[in-house]
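**Q** After the sequence you'll find the predicted model.
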Amino acid sequence: MYKGKFTASILLLLGLTVPVLSWAEGSMLNLRNQAEDSPASLQQLQNQADTGNRAAGYYLGTLYDPDLKLGHIEKPDWVRATYWYQRSAQSQKDPVTCYPNKAVAQTAAGIGTWWRTEAEENLKNGDNDNGHC
(Lines give C-alpha, C1' and ligand atoms only; values in the text may rest on other atoms or scores of the structure.)
Protein backbone atom coordinates (compact mmCIF):
# COMPACT_ATOMS: atom_id res chain seq x y z
CA MET A 1 0.00 0.00 0.00
CA TYR A 2 1.22 3.46 -0.86
CA LYS A 3 2.16 5.09 2.44
CA GLY A 4 1.09 8.56 1.25
CA LYS A 5 -2.42 7.26 0.77
CA PHE A 6 -2.46 6.00 4.36
CA THR A 7 -1.21 9.36 5.66
CA ALA A 8 -3.83 11.24 3.66
CA SER A 9 -6.55 8.98 5.06
CA ILE A 10 -5.44 9.71 8.62
CA LEU A 11 -5.35 13.45 7.95
CA LEU A 12 -8.84 13.36 6.49
CA LEU A 13 -10.09 11.30 9.41
CA LEU A 14 -8.68 13.85 11.83
CA GLY A 15 -10.24 16.71 9.89
CA LEU A 16 -6.92 18.22 8.90
CA THR A 17 -7.91 19.07 5.35
CA VAL A 18 -7.33 22.83 5.64
CA PRO A 19 -3.55 22.57 6.23
CA VAL A 20 -3.27 20.01 3.43
CA LEU A 21 -5.17 22.24 1.02
CA SER A 22 -3.17 25.28 2.10
CA TRP A 23 0.05 23.38 1.49
CA ALA A 24 -1.16 22.27 -1.94
CA GLU A 25 -2.11 25.81 -2.90
CA GLY A 26 1.22 27.07 -1.58
CA SER A 27 3.12 24.56 -3.68
CA MET A 28 1.21 25.76 -6.76
CA LEU A 29 2.14 29.35 -5.90
CA ASN A 30 5.80 28.30 -5.65
CA LEU A 31 5.52 26.53 -8.99
CA ARG A 32 3.93 29.64 -10.51
CA ASN A 33 6.79 31.78 -9.18
CA GLN A 34 9.29 29.41 -10.80
CA ALA A 35 7.24 29.36 -14.02
CA GLU A 36 7.69 33.11 -14.43
CA ASP A 37 11.15 32.42 -15.89
CA SER A 38 11.38 28.63 -16.32
CA PRO A 39 9.85 26.89 -19.37
CA ALA A 40 10.01 23.53 -17.54
CA SER A 41 8.08 24.92 -14.56
CA LEU A 42 5.58 26.59 -16.90
CA GLN A 43 4.98 23.22 -18.57
CA GLN A 44 4.59 21.54 -15.18
CA LEU A 45 2.05 24.18 -14.11
CA GLN A 46 0.23 23.72 -17.42
CA ASN A 47 0.09 19.96 -16.85
CA GLN A 48 -1.36 20.45 -13.36
CA ALA A 49 -3.95 22.88 -14.71
CA ASP A 50 -4.87 20.48 -17.52
CA THR A 51 -5.72 17.82 -14.93
CA GLY A 52 -8.25 20.18 -13.32
CA ASN A 53 -6.18 21.59 -10.46
CA ARG A 54 -8.02 24.84 -9.63
CA ALA A 55 -5.04 26.57 -8.04
CA ALA A 56 -2.79 25.64 -10.96
CA GLY A 57 -5.35 27.02 -13.42
CA TYR A 58 -5.66 30.27 -11.50
CA TYR A 59 -1.90 30.69 -11.19
CA LEU A 60 -1.43 29.86 -14.87
CA GLY A 61 -3.92 32.61 -15.67
CA THR A 62 -1.86 35.07 -13.63
CA LEU A 63 1.14 34.37 -15.85
CA TYR A 64 -0.81 35.47 -18.95
CA ASP A 65 -2.63 38.35 -17.26
CA PRO A 66 -1.49 41.66 -18.87
CA ASP A 67 -2.44 43.61 -15.73
CA LEU A 68 -0.17 41.52 -13.49
CA LYS A 69 2.78 41.12 -15.90
CA LEU A 70 4.21 38.16 -13.97
CA GLY A 71 5.24 35.80 -16.76
CA HIS A 72 8.37 36.45 -18.77
CA ILE A 73 8.27 33.44 -21.10
CA GLU A 74 4.93 33.93 -22.86
CA LYS A 75 3.47 37.23 -24.00
CA PRO A 76 0.62 38.68 -21.94
CA ASP A 77 -2.66 37.54 -23.44
CA TRP A 78 -6.16 38.29 -22.09
CA VAL A 79 -7.70 35.40 -24.03
CA ARG A 80 -5.39 32.82 -22.44
CA ALA A 81 -5.60 34.45 -18.99
CA THR A 82 -9.39 34.52 -19.16
CA TYR A 83 -9.54 30.91 -20.29
CA TRP A 84 -7.58 29.72 -17.25
CA TYR A 85 -9.38 32.01 -14.80
CA GLN A 86 -12.77 30.87 -16.09
CA ARG A 87 -11.78 27.22 -16.01
CA SER A 88 -10.50 27.60 -12.45
CA ALA A 89 -13.63 29.44 -11.31
CA GLN A 90 -16.04 26.98 -12.86
CA SER A 91 -14.27 23.90 -11.56
CA GLN A 92 -15.72 24.83 -8.16
CA LYS A 93 -19.10 23.63 -9.48
CA ASP A 94 -20.27 27.10 -8.59
CA PRO A 95 -23.41 27.96 -10.54
CA VAL A 96 -22.45 31.15 -12.34
CA THR A 97 -25.51 33.35 -12.04
CA CYS A 98 -24.21 36.23 -14.09
CA TYR A 99 -21.52 36.44 -16.71
CA PRO A 100 -19.11 39.31 -17.27
CA ASN A 101 -20.63 40.24 -20.62
CA LYS A 102 -23.93 40.78 -18.79
CA ALA A 103 -22.23 42.81 -16.08
CA VAL A 104 -20.03 45.87 -16.45
CA ALA A 105 -17.21 44.14 -18.32
CA GLN A 106 -17.34 44.85 -22.03
CA THR A 107 -13.65 44.59 -22.98
CA ALA A 108 -11.23 41.67 -23.00
CA ALA A 109 -9.45 43.22 -20.01
CA GLY A 110 -12.74 43.71 -18.15
CA ILE A 111 -13.90 40.16 -18.80
CA GLY A 112 -10.50 38.75 -17.82
CA THR A 113 -10.49 40.77 -14.61
CA TRP A 114 -14.04 39.60 -13.83
CA TRP A 115 -13.06 35.93 -14.18
CA ARG A 116 -9.86 36.52 -12.17
CA THR A 117 -11.98 37.87 -9.31
CA GLU A 118 -14.36 34.92 -9.54
CA ALA A 119 -11.48 32.41 -9.51
CA GLU A 120 -9.88 34.17 -6.51
CA GLU A 121 -13.15 34.09 -4.59
CA ASN A 122 -13.64 30.40 -5.27
CA LEU A 123 -10.06 29.51 -4.34
CA LYS A 124 -10.68 31.14 -0.96
CA ASN A 125 -13.95 29.16 -0.70
CA GLY A 126 -15.70 32.49 -0.54
CA ASP A 127 -18.40 34.18 -2.52
CA ASN A 128 -20.22 31.56 -4.51
CA ASP A 129 -23.00 33.89 -5.55
CA ASN A 130 -20.99 35.89 -8.07
CA GLY A 131 -21.62 39.00 -6.05
CA HIS A 132 -19.13 41.12 -7.92
CA CYS A 133 -21.44 41.46 -10.92
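**A** Perfect, I can see it now.

**Q** contacting residues for Gln86?
**A** 115, 118-119 (C-beta atoms under 8 Å, 6 or more residues apart in numbering). Using the backbone N, CA and C atoms, a C-beta is placed for each residue, glycine as well.

**Q** likewise Tyr85?
**A** 57-58, 61, 112, 115-116, 118-119.

**Q** Just these: which are in strands?
**A** In strands, judged by DSSP state E, none of the contacts of Tyr85 are found.

**Q** Kindly provide the distance from Gln48 to Ala109.
**A** To Ala109, Gln48 is 26 Å away according to C-beta to C-beta, to the nearest Å.

**Q** Looking at those two, which one has more neighbours?
**A** Gln48 (20 against 15; other C-beta atoms under 10 Å).

**Q** so that one makes contact with Asn30?
**A** No. Counting by C-beta atoms under 8 Å, Gln48 stays clear of Asn30, with 12.0 Å between them.

**Q** low-scoring stretches of the protein, by residue?
**A** 1-26, 91-105, 125-133 (pLDDT under 70).

**Q** Going along the chain, name the helices of it.
**A** 3-13, 17-35, 39-50, 54-64, 78-90, 108-123 (DSSP state H).

**Q** which of these is buried the deepest?
**A** Of the helices of the chain, the one with the most neighbours on average (mean count of other C-beta atoms under 10 Å) is helix 54-64, at a mean of 25.

**Q** any idea how far Arg116 is from Thr82?
**A** From Arg116 to Thr82 the distance is 8 Å (C-beta to C-beta).

**Q** Next: Met28.
**A** Met28 sits 19 Å away from Thr82, taking C-beta to C-beta as the criterion.
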